[in-house]
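>>> got a structure for you, letters missing:
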Ligand SMILES: [Zn+2]
């Protein structure tokens, strides 16, 4: 029985996967799909890149205000 064969991962599934918010069962299901689907793999990659940009943007802000408090 092949599940998730005909439809791709949803945006929510992909962003939850990137954020590590999925349950172990859901994560396994997503990873199974990613193994055979290059389209969704590309989606995950671009989500990860976006996350990193947001993460660095957050890091930069405290670094700018930090020295002012010292
Ligand atoms: Zn897919």
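Thanks, I have it. Remember, it's a predicted structure, so these values are computed and weren't measured experimentally.

>>> just give me the residue right at the centre of the protein.
For the chain, residue 18 is the residue whose C-alpha lies nearest the centre (Cα atoms, centre = their mean; 2.1 Å).

>>> what's near enough to touch that one?
Contact analysis of residue 18 by Cβ atoms under 8 Å, 6 or more residues apart in numbering lists 44, 47, 48, 51. Placement of C-beta: from N, CA and C, glycine included.

>>> again, 10 Å this time
Taking Cβ atoms under 10 Å, 6 or more residues apart in numbering, we find residue 18 in contact with 30, 43, 44, 45, 46, 47, 48, 49, 50, 51.

>>> again, but for residue 24
Contacts for residue 24 (Cβ under 10 Å, 6+ apart) come out as none.

>>> what distance do you get for it to the ion?
With distances taken as Cβ to the ion, to the nearest Å, residue 24 is found 20 Å from the ion.

>>> what ranges of the chain fall below the confidence cut-off?
Scanning the chain for pLDDT under 70 picks out 1-6, 61-70.

>>> pull the longest helix from it.
Scanning the chain for the helix with the most residues, using DSSP state H, yields helix 38-69.

>>> buried sites along it?
For helix 38-69, burial by neighbour count (16 or more other Cβ atoms under 10 Å) applies to 40, 43, 44, 47.

>>> returning to that earlier point: out of the contacts of residue 18, who's near the ion?
Checked against the ion using Cβ under 5 Å from the ion, the contacts of residue 18 yield no neighbours at all.

>>> grab the nearest non-local neighbour of residue 13.
residue 30 (5.8 Å; Cβ to Cβ, 6 or more residues apart in numbering).

>>> mind listing what the one you found touches?
Residue 30 neighbours (Cβ under 10 Å, 6+ apart): 4, 9, 13, 14, 16, 17, 18, 22, 40, 44.
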